[in-house]
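**Q** below is the sequence, then the predicted model.
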Amino acid sequence: TETVAGTADPSAPGWFAGATADPAQSLAIVYPPAGALIPPNLGEMDVHWTDPAGKDVYEIMLSGGFLTLKTYVAGLGASTWHTLAAEHWARLSSGASGVDLTVRVRGLSSASPSTFIEGSEAVRIAAEDLRGGVYYWNTSQAAIMRFDMTGTGTAPERFYPPVGETGCVGCHAVSRDGTVVAYRRDGGNMNYGNALRVDGLAKQLADDTQQWNFAAIHPGNEDLFTTTTTGLYRTALATGVVTPLYDGGRIAHPDVAATGTAIVATQLTAGTEVWTSAASLVVFDYDPDSKSVGAPRTLVPQLGEAYPYYPSFSPDSDWVLFNQAIGGSSYDNPNAQLWVTRADGSGAPIRLAAAEVAASYDSWPKWTPFVATETTAGITEAVMWFTFASRRPFGVRSGPDQKPQLWLAPFFPGRAAAGQPATGPAIRLPFQLIAEGNHIAQWTEEIVVIQ
């Protein structure tokens, strides 16, 4: 058991040791959400709670495995929180990974410290680290930012455009190995794009020669797939030569399976590629040798007014994650829901409701690039993580008008296949600033160093 220095009076530990519980009142833990699975390498860890009794001193305890951490903080009013520094979360999770973690908050009045009120909940620290790196669009800095989950840094790095340059490049894609990043300039429904070699930021195409809406990079890093207002195209990155792959309908939001043999995309029937308002999901079988696709096969049809969009292949290529909404458009839709379906089309789509918050713009879902394992009650199962952008409040620290932030949730394919709840509550990635808007998180196996 360790005590981390906090903001409360040094006498606080003694007050709590001598106090008894008041059964008539209680605290409510607001964050992390009960039942959440939390990677051991998350970084900072917030604990938020509400206190209707207005106590002014709090004891925060996180306990699991071989370690219990306590800290004592002075109150901030009816709603309050505490951030456990990354070094303390790392120490706690190293002693509690793969086990349940109790989060408990007690509050008392320093003027009359004979009784305390408390609230507690259980979360779980994952057995394995969250691996990979993420590139995302930051609306406040107008730049693609990146963060390495396997590194030691606590702040994201500005990737592109360099400081001093402007222009929206938010519609970006990243290769699976992290060596190539594609982008499209200046928003809208069509504009010029390019691809960068990450190690030296060398452009792969001649400027102002190719226009598209969305792009995806083949795992072999030789081919760039783009969508325009007339269909799906392939660009050979070595030569810049563009070849039409499919022109039988309007296509948006392409994503390539890790096998390199399938492309999933949105086939829209109303709206535009960026602001789709009616659509279905289709899969193109791709032949890497002939560099051609077969006819699209419908994966998820539109059902009534509910249309799917933003598909993403899981790291094992067996599942497709996507948004679905009724009304509005595919861009930042308040009604966006999170769904998953088998990539081969078998079985019915599954809603990931446990990761959602109603009317919170839960958009742009993307998988992280690795499959991990968890063991619970002697049962070992696979887990794959995914992120999405959400405007939901961050505990008590922000309101319903929050700018979009990146949230993380687990997916258990074995549970999904068995018809069991397949996800859990989402947690916020802590390297973000609350005042800045972040979305379109694209994950890669590693962050390549810029020379």
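**A** Nice, thanks for sending it over.
**Q** that's a strand at Thr152, yeah?
**A** No. Judged by DSSP: H, G, I helix; E, B strand; the rest coil, Thr152 forms no part of a strand; its state is coil.
**Q** which phi and psi does it have?
**A** Here is the backbone geometry of Thr152 (degrees, to the nearest 10): phi -100, psi 0.
**Q** cool, Arg91 as well?
**A** Dihedral pair for Arg91: phi -70, psi -40, per degrees, to the nearest 10.
**Q** give the contact list for the residue nearest to it when sequence neighbours are not counted.
**A** Sequence neighbours aside, Leu67 is the residue nearest to Arg91 in space, at 7.0 Å (criterion: C-beta to C-beta, 6 or more residues apart in numbering). To be clear about C-beta, it is placed using only N, CA and C from the backbone, and glycine gets the same treatment. Counting by C-beta atoms under 8 Å, 6 or more residues apart in numbering, Leu67 makes contact with Thr1, Glu2, Arg91, Leu92, Ser94, Gly95, Ala96.
**Q** so where do the helices sit in the stretch 351-451 of the chain?
**A** Using DSSP state H, counting those that start in this stretch, the helices of the stretch 351-451 of the chain run over 413-417.
**Q** coming back round to it: any idea what the residue nearest to Arg91 is bridged to?
**A** Gly64 (DSSP bridges).
**Q** how much space separates it from Val293?
**A** Computed with C-beta to C-beta, to the nearest Å, the distance linking Leu67 and Val293 is 53 Å.
**Q** ok, now which ones touch Ala53?
**A** Gln25, Gly107, Ile117.
**Q** was I right to think the second one contacts Ile117?
**A** Same thing as Gly107. Yes. Taking C-beta atoms under 8 Å as the contact criterion, Gly107 and Ile117 are neighbours in contact, 5.4 Å apart.
**Q** the more surrounded of those two?
**A** Gly107 (26 against 22; other C-beta atoms under 10 Å).
**Q** who's that one bridged to?
**A** On the basis of DSSP bridges, Gly107 is bridged to Tyr58, Ile117.
**Q** for Gly64, see how far away it is.
**A** Taking C-beta to C-beta, one finds Gly107 at 22 Å from Gly64.
**Q** and what of Gln337?
**A** According to C-beta to C-beta, Gln337 and Gly64 sit 32 Å apart.
**Q** for stretch 137-156, C-alpha coordinates in CSV please.
**A** Output in CSV follows, covering the C-alpha atoms of stretch 137-156 (Å, rounded to 0.1, in the frame of the first residue of the first chain):
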residue,chain,number,x,y,z
TRP,A,137,-6.9,15.2,-37.2
ASN,A,138,-6.8,18.0,-34.6
THR,A,139,-9.3,20.7,-35.5
SER,A,140,-7.8,23.3,-33.1
GLN,A,141,-4.3,23.0,-34.4
ALA,A,142,-5.4,22.3,-38.0
ALA,A,143,-2.9,19.5,-38.3
ILE,A,144,-2.6,15.7,-38.3
MET,A,145,-1.2,14.8,-34.9
ARG,A,146,0.3,11.5,-33.9
PHE,A,147,0.9,9.6,-30.7
ASP,A,148,2.9,6.4,-30.0
MET,A,149,1.2,4.2,-27.4
THR,A,150,4.4,2.1,-27.0
GLY,A,151,6.6,5.1,-26.4
THR,A,152,7.5,7.1,-23.3
GLY,A,153,6.1,10.4,-24.4
THR,A,154,3.0,11.9,-22.8
ALA,A,155,2.2,14.6,-25.4
PRO,A,156,1.2,14.1,-29.1
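**Q** mean confidence for it?
**A** Throughout stretch 137-156, pLDDT has a mean value of 93.
**Q** any buried residues in it, and which?
**A** Trp137, Asn138, Ala143, Ile144, Met145, Arg146, Phe147, Asp148, Met149, Pro156 (16 or more other C-beta atoms under 10 Å).
**Q** so the fourth one makes contact with Val181?
**A** Yes. With contacts defined as C-beta under 8 Å, Ile144 counts as touching Val181 at a distance of 7.3 Å.
**Q** identify the contacts common to those two.
**A** Taking C-beta under 8 Å, 6+ apart as the criterion, Ile144 and Val181 both touch Tyr135, Phe159, Tyr160, His172.
**Q** mind giving me the ChimeraX command for buried ones among those residues?
**A** To isolate the buried members of the shared contacts of Ile144 and Val181 in ChimeraX, using 16+ other C-beta under 10 Å:
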select :135,159,160,172
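**Q** what about the shared contacts of Ile144 and Val181, which are in strands?
**A** Tyr135, Phe159, Tyr160, His172 (DSSP state E).
**Q** nearest spatial neighbour of the third one, skipping sequence neighbours?
**A** This points to Tyr160. Counting by C-beta to C-beta, 6+ apart, the residue nearest Tyr160 is Ile144, at 4.9 Å.
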